[in-house]
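[1] got a predicted model here, sequence first, then my questions.
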Amino acid sequence: MSHAVLALAAAVSCVGGCVWSLPAVADIRARDDRPLSRRIAAAGCLTGWGTVALLAALLLTPVSWSVIGVVAATGAATATALAARSRVHRARELRATEKHWAAWGYGTPLRSTSSRCRTFLVWLLPGLIVATVVAAAVLWTGQTNPGRTIAAALMAAAVVSMFLVIVIAIVGAARGHTVRRGEAPTGPIRP
């Protein structure tokens, strides 16, 4: 497949991505009117779409596939790190909100199990994307042979396993901190 076709596909993706990138710009421009977690998530969104736009421009120049792969991997890693940081801040904000509701005597709002499933998928999806990028990078760096294919599959499985362990730890920690309405907190009360 030629570079021009891939550049066209990336450009079309960027045009379709304005559904996510324009609200992200609004969130960042709102500054303190939006929670920190939302602004960090918006920065991650813009980083991801900015990487796609940069790849569209790079594909029209005579650069090697390794440069394109490095740019794609760097953008994906940065966007994933920002998404993870956003989730951590969001969890802190939810705990602070629950603490305030409890202090006012209203109890704590219940978190649904669907939000846990959504959290699980949101944390695991970047792992699947990174695993795909790693496998593609391994396969593109040399001639395809059974050994390289097995190495790519093992590296992708290792990346997904690492993200899965992190996801299970995060969901388990979040589950331990969830306090249902009318129940006494089980952990120490923090100021």
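    Alright, I've got the coordinates. All of these numbers come straight from a predicted model, not from anything done at the bench.
[2] residue boundaries of the helices in the chain?
    3-16, 18-29, 36-59, 65-103, 113-140, 146-177 (DSSP state H).
[3] could you dump these to CSV with mean pLDDT and mean neighbour count?
    Every residue, glycine included, has its C-beta placed from N, CA and C. As requested, the helices of the chain are exported to CSV (pLDDT from 0 to 100; neighbours: other CB atoms under 10 Å):
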stretch, mean pLDDT, mean neighbour count
helix 3-16, 82, 14
helix 18-29, 90, 14
helix 36-59, 92, 19
helix 65-103, 88, 16
helix 113-140, 74, 16
helix 146-177, 75, 14
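[4] domain-wise, how is the protein divided?
    1-108, 110-185 (automatic domain parsing).
[5] gap between residue 12 and residue 52?
    With the distance defined as CB to CB, to the nearest Å, residue 12 ends up 10 Å from residue 52.
[6] same check, this time on residue 88
    The separation that residue 88 has from residue 52, given CB to CB, amounts to 25 Å.
[7] surely residue 132 meets residue 156?
    Yes: contact criterion CB atoms under 8 Å: residue 132 and residue 156 qualify, at 6.9 Å.
[8] how about residues contacting stretch 30-39?
    With contacts defined as CB atoms under 8 Å, 6 or more residues apart in numbering, stretch 30-39 is touched by 27, 28, 42, 86, 87, 89, 90, 92, 93.
[9] what about it, distance to the chain center?
    Put simply, stretch 30-39 sits 18 Å off its chain's centre (CA atoms, centre = their mean, to the nearest Å).
[10] could you do stretch 157-174 as well?
    13 Å.
[11] with just CA atoms, put it into PDB.
    What follows is stretch 157-174, C-alpha atoms only, in PDB (Å, rounded to 0.1, in the frame of the first residue of the first chain):
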ATOM      1  CA  ALA A 157       0.800 -11.100  24.800                       C
ATOM      2  CA  ALA A 158       3.200  -9.800  27.400                       C
ATOM      3  CA  VAL A 159       2.000  -6.200  26.900                       C
ATOM      4  CA  VAL A 160      -1.700  -7.300  27.200                       C
ATOM      5  CA  SER A 161      -0.800  -9.400  30.300                       C
ATOM      6  CA  MET A 162       0.900  -6.400  31.900                       C
ATOM      7  CA  PHE A 163      -2.000  -4.100  31.200                       C
ATOM      8  CA  LEU A 164      -4.500  -6.800  32.400                       C
ATOM      9  CA  VAL A 165      -2.600  -7.100  35.700                       C
ATOM     10  CA  ILE A 166      -2.600  -3.300  36.100                       C
ATOM     11  CA  VAL A 167      -6.400  -3.200  35.300                       C
ATOM     12  CA  ILE A 168      -7.200  -5.900  37.800                       C
ATOM     13  CA  ALA A 169      -5.200  -4.200  40.500                       C
ATOM     14  CA  ILE A 170      -6.900  -0.800  39.800                       C
ATOM     15  CA  VAL A 171     -10.400  -2.200  39.600                       C
ATOM     16  CA  GLY A 172      -9.700  -4.200  42.800                       C
ATOM     17  CA  ALA A 173      -8.400  -1.100  44.600                       C
ATOM     18  CA  ALA A 174     -11.400   0.900  43.400                       C
END
